[in-house]
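Engineer: Requesting a structural model of the entry that follows:
(2 chains)
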Amino acid sequence: MTEAAADAHDGHGQDDIHGHGDDHHGGPDHHPHVLPYKTYFLVWSALLVLTVVTVGVSYVDFGGANLVIALVVATIKASLVGAIFMHLKYETKFYTVVFVSSLVFVSIFIGITGLDYLQRGRADHVRHDRVMNMLHPFDPAPPKAAPKPAAHHHE
Amino acid sequence: MSADAHAASPAVDDEGRPLSPQYHVAHHFDNADHQFQANKLGIWLFLAQEIMFFSGLFCAFILFRAKYYDAFVEAHHHLDKVMGGINTIVLICSSLTMALGVRAAQTNKRKLGVAMLVMTFLFAATFLVIKYFEYHHKFHDGLLPGRHFTAEGFVHPEANIFFGIYFVMTGVHGVHVIVGMALILWITVKMYRGRFSSRYYAPVEGVGLYWHLVDLIWIYLFPLLYLIG
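Structural biologist: Numbering: from 1, shown residues only, chains lettered A, B, ... in the order given. This is a model prediction of the structure:
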């Protein structure tokens, strides 16, 4: 924040009892960053319009795009709530880092769980032919016809 | 902005009350902003934890939907889009009144703040009443999770998985709404007693952030459960 903006914001130069000459940050008293009513009502209207849009779109069949549209609209709504109602846009960026980092971990969690769960059973058709030897997992699979596995591969 | 920022400067609010007379900066903080930001960081870390807590449920939804896509599409037609949509609007309105409640605290408007918080509380109660009617309807139709699923006529037997996830996700979200209502009640009483002002409103801000997160989660729950299935 520039010095001029800080002055305008804090009301310095007015009859101000909160310590003249103090910067916005580091003053003896907390001075909130107040947003105009207009901002709140604009976000509220946008959220209502987007809700109507997402419900309306759900009545039309776009195939797989329906999911994408719904998630994009939800993400726009969530960003508006986060940036304005939760003041992320106007605060130190560290809160945004905390917020976004949680989303990063969520995507790792869901992504890797999906990699496992959605691939289940893919190895079933080869599993019976190639039973893994848990004691020597890197040994070649024993040939089916030979009951005694050859030991010479250790050499 | 500047008009209200100036209004925040006097040492008394619009009713002539002193601003948060019991407020002080704890000795381990450099200054008021330092204390405020530390407080807020704690709230944000809690919210990050909440997101990860809900992500387990979203993970279950996404994976089961991928596995039983047809069953999920069939089952989601039994949810009431209109009631879900109205509840979405109710929560968005409650988020607005909560944000305005925080703003009222920032600008020393005690009565407006109490009014906004009471409205937020009433919106939250409306949300739960509508949710009650939705649940009641599901109970009546036997659309319950697991072995309690008694509804008939489903093409896909896995439809009961959808209702299991639906009840857990909306149920856990509903618990958050109830907790939020208790928190809103707490800050409403404190606001009424004149504890909050532009100098000190961290609890209002914190409860507000929590409440917006509850709204945020519903913003994703609604399209995923009601609209897409």
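
Engineer: could you check whether stretch B:208-225 is close to chain A?
Structural biologist: Yes - judged by C-beta under 8 Å from any C-beta of the partner chain, stretch B:208-225 and chain A are in contact via B:208-209, B:212-213, B:215-216, B:219-220, B:222-224. C-beta coordinates here come from the backbone N, C-alpha and C atoms, glycine included.

Engineer: Narrow the residues you listed to those in helices?
Structural biologist: B:208-209, B:212-213, B:215-216, B:219-220 (DSSP state H).

Engineer: tell me which of the residues you listed is nearest to residue B:148?
Structural biologist: For these, the minimum distance to residue B:148 (C-beta to C-beta) is 26.3 Å, reached by residue B:220.

Engineer: Tell me who's in contact with the closest residue to that closest one other than its chain neighbours.
Structural biologist: Leaving aside its chain neighbours, residue B:220 sits nearest to residue A:74 (5.2 Å; criterion: C-beta to C-beta, 6 or more residues apart in numbering or on different chains). For residue A:74, the contacting residues are A:54, B:219-220, B:222-223, by C-beta atoms under 8 Å, 6 or more residues apart in numbering or on different chains.

Engineer: what about 6 Å?
Structural biologist: B:219-220, B:223 (C-beta atoms under 6 Å, 6 or more residues apart in numbering or on different chains).

Engineer: What segments of chain A are strands?
Structural biologist: With DSSP state E as the criterion, chain A has no strands.

Engineer: Can you spell out the domain ranges of it, please?
Structural biologist: Following automatic domain parsing, chain A resolves into domains at A:34-90, A:93-121.

Engineer: list the buried ones in the biggest helix by length in chain B?
Structural biologist: For chain B, the longest helix by residue count, based on DSSP H, is helix B:32-67. Along helix B:32-67, these residues count as buried under the neighbour rule (16 or more other C-beta atoms under 10 Å in any protein chain shown): B:32-37, B:40, B:43-44, B:47-48, B:50-51, B:54-55, B:57-65.

Engineer: near chain A too, which of those residues?
Structural biologist: B:32-33, B:36, B:44, B:48, B:51, B:55, B:59, B:63 (C-beta under 6 Å from any C-beta of the partner chain).

Engineer: could you dump these to JSON lines with pLDDT?
Structural biologist: Formatted as JSON lines, those follow (pLDDT from 0 to 100):
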{"residue": "B:32", "pLDDT": "85"}
{"residue": "B:33", "pLDDT": "87"}
{"residue": "B:36", "pLDDT": "90"}
{"residue": "B:44", "pLDDT": "97"}
{"residue": "B:48", "pLDDT": "97"}
{"residue": "B:51", "pLDDT": "96"}
{"residue": "B:55", "pLDDT": "96"}
{"residue": "B:59", "pLDDT": "95"}
{"residue": "B:63", "pLDDT": "93"}
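
Engineer: ok, which pair from those residues is furthest apart?
Structural biologist: B:32 and B:63 (47.0 Å).

Engineer: and chain B, which residues reach chain A?
Structural biologist: B:1-2, B:4-6, B:9, B:11, B:31-33, B:36, B:44, B:48, B:51-52, B:55, B:59, B:63, B:66, B:85, B:88, B:92, B:95-96, B:99, B:106-107, B:198-199, B:209, B:212, B:216, B:219-220, B:223, B:227-228.

Engineer: for chain A, where's the lowest mean pLDDT among helices and strands?
Structural biologist: helix A:3-10 (a mean of 43; mean pLDDT, DSSP states H and E).

Engineer: for chain B, same thing?
Structural biologist: Ranking chain B's helices and strands by mean pLDDT, DSSP H and E puts helix B:2-7 last, a mean of 46.

Engineer: Look at the residue lying closest to residue B:38 once chain neighbours are set aside and tell me its secondary structure.
Structural biologist: Residue nearest to residue B:38 in three dimensions, not counting chain neighbours: residue B:29, with 6.6 Å by C-beta to C-beta, 6+ apart. Judged by DSSP: H, G, I helix; E, B strand; the rest coil, the three-state class of residue B:29 is coil.

Engineer: Tally up the residues packed near residue B:29, please.
Structural biologist: Residues within reach of residue B:29, counting by other C-beta atoms under 10 Å in any protein chain shown, total 14.

Engineer: Pull stretch B:166-183 out as PDB, backbone CA atoms only.
Structural biologist: Presented in PDB, the C-alpha positions along stretch B:166-183 are these (Å, rounded to 0.1, in the frame of the first residue of the first chain):
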ATOM      1  CA  TYR B 166     -25.300 -38.400   0.000                       C
ATOM      2  CA  PHE B 167     -26.400 -38.900   3.600                       C
ATOM      3  CA  VAL B 168     -22.900 -38.800   5.000                       C
ATOM      4  CA  MET B 169     -21.800 -35.700   2.900                       C
ATOM      5  CA  THR B 170     -24.900 -33.700   3.500                       C
ATOM      6  CA  GLY B 171     -25.100 -34.900   7.100                       C
ATOM      7  CA  VAL B 172     -21.500 -33.900   8.000                       C
ATOM      8  CA  HIS B 173     -22.200 -30.600   6.200                       C
ATOM      9  CA  GLY B 174     -25.400 -30.200   8.300                       C
ATOM     10  CA  VAL B 175     -23.400 -30.800  11.500                       C
ATOM     11  CA  HIS B 176     -21.100 -28.000  10.400                       C
ATOM     12  CA  VAL B 177     -24.200 -25.800   9.900                       C
ATOM     13  CA  ILE B 178     -25.400 -26.600  13.400                       C
ATOM     14  CA  VAL B 179     -21.900 -25.800  14.900                       C
ATOM     15  CA  GLY B 180     -21.900 -22.600  12.800                       C
ATOM     16  CA  MET B 181     -25.300 -21.600  14.300                       C
ATOM     17  CA  ALA B 182     -23.900 -22.100  17.800                       C
ATOM     18  CA  LEU B 183     -20.900 -19.900  16.900                       C
END
